[in-house]
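**Q** Based on what follows, work out the 3D shape:
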Amino acid sequence: MNLQLKKFEYSILGSDSIDLNKFNTTVFDQLSNSYGKLLEPTRPTPEPTPLAEPSIDSITTQPSSLEIPTDEEDLRTHTRSSYKNEDDSEDDYEEYNHRGSSSIATSLEHEKHIHDSIAPEYDDETKRLIQIADEARNRYHEVGEKLLSIKRQIDDSKKQSSVDTGLHDEYAAIIDQCFDYEEREYTYRICMFKTANQIPKGGGSEVTIGYWDSWCGPKDNKYLKMKYSNGATCWNGPPRSLIVTLQCGTEQKLTDVREPSRCEYAMIFETPLACDETIATTSAHLDHVEF
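**A** Got it, this is the predicted structure:
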């Protein structure tokens, strides 16, 4: 024991004795380090835990190709890829289903067209009845057209009978016939025993001057003048009206159109129909017609 103590003192002190200054500078630090190492407990080294061997069930149930992303960005990429694959699968199924439905509908329509275009085959008796029905239908249409033509003739006859066409019906030949007179700005048109109109040459709506009213000549021969009244109303004025003076001539034409008063028009119409004895005598003594 004394021998061991001597060895320790010599290893620390370096000699059998030491002064106070050297002890404070060297020996004290060595003693402090040695004492701290003696007090630090030793930690046992943990033994490694043996890995559990995988069972047969876990090997068969776990998919070998499944990779679980650990990074957040990889996780988002993996999720988008999964959704895209699902959408592509649904699109492929819908496209396949649409093509199948379209082909079926087209086939059905084609079969229906072929069926409709093929005339059914009838027996001889049915064909005979169909022919009789077609002939009767054609005769019915022919009779209907003739009936309409007869009705139009009757209506025209009633119209002519209701219109005074002259002392000897001499003006019946010009019923509904129209005649034009050209001016710089307007075209004037008169349809006998019907209407008279003013048509702008620069475009715009035509204006009705008047509707057939009556004969308005002098007492000795009223068939010298025609009256058209109840035309379109003038701005802040009366309805338009027209007086047509008939003169004997070789052609049927309008020779003059004037507006002697506001909204009151006058025309001269030459026609061979006005050349009876009375009118011819009167026209021979007239150099012009005053409106």
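**Q** Would you state the strands of the stretch 101-250 of the chain in chain order?
**A** Secondary structure of the stretch 101-250 of the chain (DSSP state E, counting those that start in this stretch): strands at 178-182, 186-191, 195-200, 207-215, 225-230, 241-248.
**Q** Pull out the buried positions in the longest one.
**A** Put plainly, it is strand 207-215. The neighbour-count check on strand 207-215 (16 or more other C-beta atoms under 10 Å) flags 208-212, 215 as buried. Glycine gets a C-beta too; all of them are placed from N, C-alpha and C.
**Q** Residue 229 versus residue 251, what's the distance?
**A** 27 Å (C-beta to C-beta, to the nearest Å).
**Q** Would you mind telling me which of the strands of the stretch 101-250 of the chain is nearest residue 264?
**A** The closest of the strands of the stretch 101-250 of the chain to residue 264 is strand 241-248. By C-beta to C-beta, the value is 5.6 Å.
**Q** Now do that closest one and strand 195-200, the angle between them.
**A** Relative orientation of strand 241-248 versus strand 195-200 (axes from the mean of the first three to the mean of the last three C-alpha atoms, to 10 degrees): 100 degrees.
**Q** heads up, I number from 19, so please use that
**A** From this message on, residue numbering opens at 19, which makes the last subject strand 259-266.
**Q** just to revisit the earlier point, mean pLDDT and distance to residue 160 for the strands of the stretch 119-268 of the chain - can I get that in JSON lines?
**A** Below are the strands of the stretch 119-268 of the chain laid out as JSON lines (pLDDT from 0 to 100; distance: least, C-beta to C-beta, whole Å):
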{"stretch": "strand 196-200", "mean pLDDT": "96", "distance to residue 160": "33"}
{"stretch": "strand 204-209", "mean pLDDT": "96", "distance to residue 160": "33"}
{"stretch": "strand 213-218", "mean pLDDT": "96", "distance to residue 160": "35"}
{"stretch": "strand 225-233", "mean pLDDT": "95", "distance to residue 160": "36"}
{"stretch": "strand 243-248", "mean pLDDT": "96", "distance to residue 160": "41"}
{"stretch": "strand 259-266", "mean pLDDT": "96", "distance to residue 160": "43"}
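**Q** just the ones you listed: most buried one?
**A** Most buried of those, by mean neighbour count (mean count of other C-beta atoms under 10 Å): strand 259-266, with a mean of 21.
**Q** Now the element after it, going C-ward?
**A** Downstream of strand 259-266, the first helix or strand assigned by DSSP states H and E is strand 271-279.
**Q** what is the orientation angle of that next one with strand 196-200?
**A** Using the same axes, to 10 degrees, strand 271-279 lies at 60 degrees relative to strand 196-200.
**Q** May I see the buried residues of strand 271-279?
**A** Buried residues in strand 271-279 (16+ other C-beta under 10 Å): 272, 275.
**Q** State the distance from the nearest residue to residue 266 once chain neighbours are set aside to residue 265.
**A** Nearest residue to residue 266, sequence neighbours excluded (C-beta to C-beta, 6 or more residues apart in numbering): residue 293, at 3.9 Å. Between residue 293 and residue 265 the distance is 9 Å, computed by C-beta to C-beta.
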